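S.K.: What follows is a predicted structure for the sequence shown.
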Amino acid sequence: MKWLKLIRWPNLLIVILLFTVFRFYFLEPFGVATSLSNGQYVLLMLSVMLIMAGGNVINDVYDKTADRINKPGKNLIGIEIKEKHARALYWVLSIIGMLLGYFMGYTVGITMLGSVHLIAFFLLWMYTTDFKHRFLLGNFVVSLLASLVLVCIVLFDVVPANQELISTGEYNNLLLIFAAYSVFAFFTTLIREMIKDAQDVKGDRRIGAKTFPIIAPAKAVKSAIGIIQVLLTLSLIGTIYYFKNSIGLVLYILTLVVVPLIISTVNVAKATTYQNWGLASKLMKLVMVFGVLSVVIFTYA
């Protein structure tokens, strides 16, 4: 169980969920041709999960000092798991993930697509060792990587099988939907990462980090997060209006995405303790998951 905690298995389950719903409850019902068999698609999903799991491991290795202050007892490195073993696991997971990425690129006839995994590996390494402790840079990198999960489905499974239709513009709406969900994943992750930085400010300050909540006054941090949350809420309300005739989709977005987002926004505005920030962060995770899963409702609405 300790190894599952180290790779943060709940986050990996979210990847499985996203890959499943977009392939089997979006692409297939709309009759979109795909380039990967079901088994190959699982390998693509596994390659993404391995890169992500490796990033989680090395993040805990480098965060062990700050986590002793921010999350006492939750970081297993040096307590239940030796650091050298964690580092070894990191390299095994990352290398297999990258090799699988290139193999999947080769499978669809575009080997260089595997470079997406290499770039993700590099960004995760730079995030952990440097970017994470810089002003907003780490937040943007993690948000970009979150959006890339959906982009991988397009690049590996949709584009190779539909190059002619895409080149003639017949699949513009399909790509626009993927782009919209990727942007949504980016901004919900950005908000959550900013909240987590505010939550972890005590330990981060101790190790000399220069994150947004350390550099800026608390009021400015809350205002920045709140503004992004309000803009995201307004965009969702606009989406609800656009699909106002699809009652099921409207009710889904309103109750499972907009309401938790508003509650998170209120919690950010009132946050004064680690627990307050933690609740706001958890709510944003729900917003992201339920928001992306709305593609199922969209398909059958």
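M.R.: Happy to help now that I have it. Numbering: from 1, shown residues only.
S.K.: Going by C-alpha atoms from here, please, whenever you check contacts or count neighbours.
M.R.: Fine.
S.K.: lowest-confidence helix or strand of this structure?
M.R.: Ranked by mean pLDDT, DSSP states H and E, the weakest helix or strand in the chain is helix 64-70, scoring a mean of 87.
S.K.: Would you map the helices across the stretch 201-301 of the chain?
M.R.: Per DSSP state H, counting those that start in this stretch, the stretch 201-301 of the chain carries helices over the ranges 201-206, 212-215, 218-242, 247-253, 259-270, 274-300.
S.K.: Go through the ones you listed and name the closest to M98.
M.R.: Comparing these by their distance to M98 (C-alpha to C-alpha), the top pick is helix 274-300, with 25.5 Å.
S.K.: List the buried residues in the closest one.
M.R.: 274, 276-298 (16 or more other C-alpha atoms under 10 Å).
S.K.: Could you check how far the least confident helix or strand of the chain is from the centre of its chain?
M.R.: Taking C-alpha atoms, centre = their mean, to the nearest Å, one finds the center of helix 64-70 at 23 Å from the center of the full chain.
S.K.: Output the helices of the stretch 201-301 of the chain in TSV; the columns should cover mean pLDDT and distance to H117.
M.R.: Formatted as TSV, the helices of the stretch 201-301 of the chain follow (pLDDT from 0 to 100; distance: least, C-alpha to C-alpha, whole Å):
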stretch	mean pLDDT	distance to H117
helix 201-206	90	29
helix 212-215	95	28
helix 218-242	96	29
helix 247-253	95	32
helix 259-270	96	31
helix 274-300	94	22
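S.K.: Dump those helices to JSON lines, plus distance to S182.
M.R.: Shown next, in JSON lines, are the helices of the stretch 201-301 of the chain (distance: least, C-alpha to C-alpha, whole Å):
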{"stretch": "helix 201-206", "distance to S182": "28"}
{"stretch": "helix 212-215", "distance to S182": "24"}
{"stretch": "helix 218-242", "distance to S182": "13"}
{"stretch": "helix 247-253", "distance to S182": "16"}
{"stretch": "helix 259-270", "distance to S182": "18"}
{"stretch": "helix 274-300", "distance to S182": "9"}
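S.K.: mind checking which of those helices is nearest R8?
M.R.: With C-alpha to C-alpha, the closest approach to R8 among those belongs to helix 274-300: 14.0 Å.
S.K.: for R206, what are its contacts?
M.R.: Each residue near R206 by C-alpha atoms under 8 Å, 6 or more residues apart in numbering is listed here: A66.
S.K.: Count residues in the vicinity of the residue nearest to F243 when sequence neighbours are not counted, would you?
M.R.: Using C-alpha to C-alpha, 6 or more residues apart in numbering and skipping residues adjacent in sequence, the residue nearest F243 is V250, 6.8 Å away. When neighbours are counted by other C-alpha atoms under 10 Å, V250 registers 22.
S.K.: right, and V250 touches K244 too?
M.R.: Yes. Counting by C-alpha atoms under 8 Å, V250 does reach K244; the two are 6.4 Å apart.
S.K.: how long is stretch 264-277 end to end?
M.R.: Start and end residues of stretch 264-277 are separated by 9 Å (C-alpha to C-alpha, to the nearest Å).
S.K.: what residues does it touch?
M.R.: 195-196, 198-200, 222-223, 225-226, 229-230, 279-281, 283-284.
S.K.: Kindly report the same for stretch 51-70.
M.R.: Residues from elsewhere that reach stretch 51-70, judged by C-alpha under 8 Å, 6+ apart: 6-8, 12, 74-77, 83, 86-87, 89-91, 93-94, 97-98, 117, 120-121, 124-125, 128-129, 199-204, 206-207.
S.K.: still on that earlier bit, and the next element down the chain from the least confident helix or strand of the chain?
M.R.: Going down the chain from helix 64-70, the next helix or strand is helix 83-107, by DSSP states H and E.
S.K.: Now do that next one: distance to the chain's middle.
M.R.: The mean C-alpha position of helix 83-107 is separated from the chain mean by 19 Å, C-alpha atoms, centre = their mean.
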